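Chemist: Need coordinates for the below:
(chains A and B)
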Amino acid sequence: MTRQEAETILQLTFKLPKFYDEQWLTIEKLLKGEKVLLIEKTGFGKSLCFQFPATVFKGTTVIFSPLIALMRDQVKKLTALGISAKCINSEQTPDANTQIMNEAKQGKIKILYIAPERQENSEWIEATQQMNLSMVVVDEAHCISVWGHDFRPAFKRIINLVKLLPKGLPVLATTATATKRVELDVAQQIGNSIMTIRGNLMRDNFKLFVVKVSTEDEKLIWLGKNLNSFPGSGILYTGTRIATDIYSNWFEHLKISSAAYNAGLDADSRIAIENGLMSNKWKCVISTNALGMGIDKPDIRFIIHTQIPQSPIHYYQEIGRAGRDGLPSYIILFYNPEDRKLPEAFIESGRPSIKKYEKVISVVKSELHGERELMKRTNLKQNQIRAIKADLIEQRIIREVIIGKSKKYEFVSNSQPLNTKTFEELRNAKLADLENMIAYVDTDKSRMKFLCDYLGDNSNHTFVNCDNTGEKKITVSVTSEWKEKLQHFREEYFPELEVESKGSNLVNGVAASYYGVSNVGDAIYRSKHEYGGDFPDFLLKLVIKAFRKKFGQEKFDMLVYVPPTSSGDLVKNFAVKVSQVLNFPVSHNLTKSRVTKEQKVFENGYLKTENVSGAFTLINPNDIKGKSILLIDDIFDSGATLKEAGRSLTNFGAKKISPVVIARTIGGDIL
Amino acid sequence: METFYNMRKEEAAYWIALAHLPGWSHLKINNLIVKFYHENKISIDEFFELNDNDLQHRYQLDEKQVLDLKQAKTELAGNAFLAESFFSQGFEIIPITSPEYSKTLKINLKTANAPAVLYVKGNKKILEEESVAIVGSREASETALKFTDNITKLVCNQSKVVVSGFAKGVDRQALDSAVKFKGKSVIVLPQGIMTYSSVFKNYYRQIIDGDALVLSTFFPQAPWKAELAMARNPVIYGLADEIYVAESAEKGGTWSGVVDGIRKGRKIFVRKPEPNEKNANNILIQKGAVPVDFNGFELPSNYDITFADQYSVVKEPADKDPLETKVRAAFSGRSLSAKELLTKLNLTWTAQKLDGYLKKLDFIEVVKEKETILYRLKGTTDMTQTKLFV
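Modeler: So this is what the prediction gives:
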């Protein structure tokens, strides 16, 4: 097919006039059955490089993409053009996925998006046997490399797959963010004489700013004051889920329209927020870095980071989503010297201790276990066990196998011992990346050039698009008026406890504070562990306030507190005081029917749940039948204790149980 | 120079396609392999790139066969998806061209019946050991099970490998006994290797310790079918150097397998039943199987006049020195150093002692490779794969 012929089809099918040269170069190779690694900036039109040949090929093109949001978005667009495209993902029902696989088997689908994890699914593997596959595409191919900013173990398997594909089957790997090192790593891993095409990565419609501050308050105040004066809508990236919560409550307090997004939300909520972002429903979406990769919105007008990312490549990737339409877009990074601690901690604790690795290896050696059983046997957190598993699989010490329908981990006979040298190298590389990110903050030269150089795109272009090259620098001034506004907000803001579940009359509750964010944590710690006496009265005031805000309109019959494991009568005394202020009776009847251990010795939710399972009983259960109960505890971590107490009270006939705690921890295991 | 080769993983998709061409017999597939691999010396992926003209003329395939291959070609990408999942779970493919392919199986089944690929998981080296199959009914008697246990003990003590199906009765007894006596076993599945996960759960320790190899010759995702269970039996018999029958009915898998084996001239040992037992063991003995007692000792061929008159059992001459037999068996065509031989023979000798011993054997010759002295069976060369079938 000549370029001219191809462009005729392009006009008919995609309603686009012509290809860019680099697009055609890529497409021409794919049409010949070659393998290409394409590195081009966001907005270049990488998708067309596989979508076009996919429509020309006879069979189905499979696209591995790590991003469900992107899959949905692209399927929508292709469908609108009349191209049969579908995606298979974990957020659709199994029936819907099966249906799509059947259509693919019948040759009814040209373009099929799937997540790399799908390769672990035996139904999918069976279905591929009956598909006529024309091309394989690996989107976000930097996820293949541990030297990239977003290594994903599932991509390793995609590499293996690509190597097994028959000769002459075209393969395209694409990314917008690859340093030279990542580029070489990806190309080498795919092998088979893959050809690399790299475009320039600069974005001269960006206006780049760095705002240096010395407190968190300055960030909150500057944004509160200025966010509404930005053009259009955009994204605010924070470092943690809790920060998304704090910022969205702060904006709500100021009547700035926003929505908070994180990977922990359910699929429906995420889809609703993605759609809202596309339709400019809010001034901004506040998110952890879970949002946005690949969202094809042309007019994101600003991207603001309240937390410094781990490396320039993370940063480039995240800001890459702005201004795809080529119009000016504001790119702002806040930096408080304290901020480096979060990525540092992340890097330092990114890998569990070697002892924990050895623990996992020895358990896997003894028997075939799934993840849940491994967590129970090793008392490790889920994220730790996942990190360890990924490393051990990578080093071929264990492997994941499917037994029946469940995943198990088996030991690889004659495998090499754990190699910790690579861990050291990776850690050092990441620390160096972080230093480079801070160098971006401190540079007095062009920020765009800094990023391009870092990505191995040595451009001679003269940039005049940042606060070092002509744009006015941003400084923060804190007025007493804004200080008061913030103070007022803080006194009104109480974290939610999400504990509702089917079959329990426990409803979502409230915490008076986050543990570790204010002086609340210290006060609890002194009372519990340093014989500091009863919880101080300011905690009582705070709890009453949180109670009034969340449950002020409701009527309660009785107050029940969670019986202690080892900290004596602290919670009991506290509950008595609360009941005196609120003026309804306290019951001392919830007790433990067996000895439990302190929840904090357990690292994961499974063991915490086991520890308290069936541990509560009630003296005089008739007292609570049909009653509305306020349930008090000091600290909320995984929620396992409250949920178990709630179940117990439900079983004894309580009508409604509303929990209030003094503080909720930040690092609780997500289970 | 390494003249034989292990399969490149990149060939997996092609081998899967070739091995399961619908309606193609083992013979037809093997003849094709002999042609492209041994005669024309091209790899399987190169073979799949040949055009219709070449297939029709150089390979003398008819239109239907060319069409089958064309269809198989469109399935290669799908096979790659399967192969990735397969390899990531620790399964392996051994094509018939690989030196890892069981020699015993090739010798016993020949071009006509040897499967083009073996799908395995576990210690592949087990396929190089001397092997014994103990077969029998799913509803075997206590006596038959005890016999199985006895034979397995013997087999394990001689460091031979137990070959067994994964069925109830005698099969499971042989496996359980092999575990008990810390022996090695080959477990031959009646279905696709990826569909039978309980075997990997039950024999987890044996597999990771290198004491077991799970093997299937069927499409990796093929579910259990009666036909596959039947087709599996020749593979069990084929993988074994010796076959013991614990108990057979007058029909079914054991029966047809043994009868077929006798017809092909294989020496098959059958447990001489007690007078009151109801099974077909005696009939098999009448048909030419060799009777053995409860402990596996061969009974004199004239133990029963009426039978002995009618059926004479031709015995192979027994080796004078069992170590010599072991030495012969240790060579799988490749030259070996004294040290390698020591491990293979499981001897506690010094290398010098073995050197001395080997030099006295008339069937062994010395080859020098660089600085090391290697031994091989007289008259063999290192190119074991010049001929596919012995």
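Chemist: Counting neighbours, what do you get for the residue of the stretch 451-600 of chain A found nearest chain B?
Modeler: The stretch 451-600 of chain A approaches chain B most closely through A:Gly456 (30.2 Å), counting by CB to the nearest CB. All C-beta spots, glycine's among them, are computed from the backbone N, C-alpha and C. A:Gly456 has 16 neighbouring residues, counting by other CB atoms under 10 Å in any protein chain shown.
Chemist: same check, this time on A:Thr60
Modeler: Neighbours around A:Thr60, by other CB under 10 Å: 24.
Chemist: Please apply the same query to A:Leu431.
Modeler: Residues lying near A:Leu431 (other CB under 10 Å) number 16.
Chemist: Quick check: residues of the stretch 451-600 of chain A near chain B?
Modeler: Nowhere does the stretch 451-600 of chain A come near chain B, counting by CB under 8 Å from any CB of the partner chain.
Chemist: where does the stretch 451-600 of chain A have low pLDDT?
Modeler: A:516-518, A:566-567 (pLDDT under 70).
Chemist: Which positions in the stretch 51-200 of chain B make contact with chain A?
Modeler: When proximity is defined by CB under 8 Å from any CB, the stretch 51-200 of chain B lies next to chain A at B:73-85, B:87-90, B:122-123, B:194, B:197-198, B:200.
Chemist: Figure out the helix or strand that the residue of the stretch 451-600 of chain A closest to chain B lives in.
Modeler: Here A:Gly456 sits in a region with no helix or strand, counting by DSSP states H and E.
Chemist: Now it: closest residue in space that isn't a chain neighbour?
Modeler: A:Lys180 (3.7 Å; CB to CB, 6 or more residues apart in numbering or on different chains).
Chemist: if I read this right, that neighbour contacts A:Tyr454, doesn't it?
Modeler: No - using CB atoms under 8 Å, A:Lys180 is not in contact with A:Tyr454, being 9.9 Å away.
Chemist: more neighbours, the two?
Modeler: Legend: neighbour count by other CB under 10 Å for A:Lys180 and A:Tyr454, higher for A:Tyr454 (21 against 13).
Chemist: quick one: the more buried one and A:Met278, what's the gap?
Modeler: According to CB to CB, to the nearest Å, A:Tyr454 stands 30 Å off from A:Met278.
Chemist: what do you get for A:Phe584?
Modeler: According to CB to CB, A:Phe584 stands 48 Å off from A:Met278.
Chemist: can you tell me the helix or strand for B:Thr111?
Modeler: Short version, using DSSP H and E: B:Thr111 is in helix B:103-113.
Chemist: Can you name the residues in contact with that helix?
Modeler: Applying CB atoms under 8 Å, 6 or more residues apart in numbering or on different chains, the contact partners of helix B:103-113 are B:25-27, B:30-31, B:34, B:96, B:114-115, B:118, B:127-128, B:131, B:234-235, B:237-241, B:266, B:332-333, B:388-390.
Chemist: Make a ChimeraX selection of the buried ones in these.
Modeler: Here is the ChimeraX command that selects the buried residues among the contacts of helix B:103-113 (16 or more other CB atoms under 10 Å in any protein chain shown):
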select /B:26,30,34,96,114,115,118,127,128,131,234,235,237,238,239,240,241,266,332,333,388
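Chemist: Report pLDDT for the residue nearest to A:Lys297 when sequence neighbours are not counted.
Modeler: Using CB to CB, 6+ apart and skipping the chain neighbours, the partner closest in space to A:Lys297 is A:Met278 (5.5 Å). A:Met278 is assigned 90 on the pLDDT scale.
Chemist: And for A:Met278, the neighbour number?
Modeler: 17.
Chemist: and the nearest residue to B:Ala212 once chain neighbours are set aside, what does it touch?
Modeler: In this structure, B:Ala212 finds its nearest non-sequential neighbour in B:Gln206, 3.9 Å apart by CB to CB, 6+ apart. Going by CB under 8 Å, 6+ apart, B:Gln206 touches B:Gly122, B:Val179, B:Ser185, B:Ala212.
Chemist: Can you give me the buried ones in the one helix or strand B:Gln206 maps to?
Modeler: Counting by DSSP H and E, the element that carries B:Gln206 is helix B:204-208. Within helix B:204-208, the residues that count as buried by 16+ other CB under 10 Å are B:Tyr204, B:Gln206, B:Ile207, B:Ile208.
Chemist: Turn those residues into CSV, including pLDDT.
Modeler: Formatted as CSV, the buried residues of helix B:204-208 follow (pLDDT from 0 to 100):
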residue, pLDDT
B:Tyr204, 94
B:Gln206, 95
B:Ile207, 95
B:Ile208, 93
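Chemist: just these now: which is nearest B:Lys272?
Modeler: B:Gln206 (31.5 Å; CB to CB).
Chemist: and the gap between the closest one and chain A?
Modeler: From B:Gln206 over to chain A the distance is 11 Å, taken as CB to the nearest CB, to the nearest Å.
Chemist: Where does pLDDT dip in the stretch 201-350 of chain B?
Modeler: B:301-322, B:332-333.
Chemist: Would you tell me which helix is longest in the chain?
Modeler: You didn't say which chain, so I picked chain A. With DSSP state H setting the assignment, residue counts place helix A:421-442 as the longest helix in chain A.
Chemist: Sorry, I should have been clearer: chain B.
Modeler: Chain B, longest helix under DSSP H: helix B:142-157.
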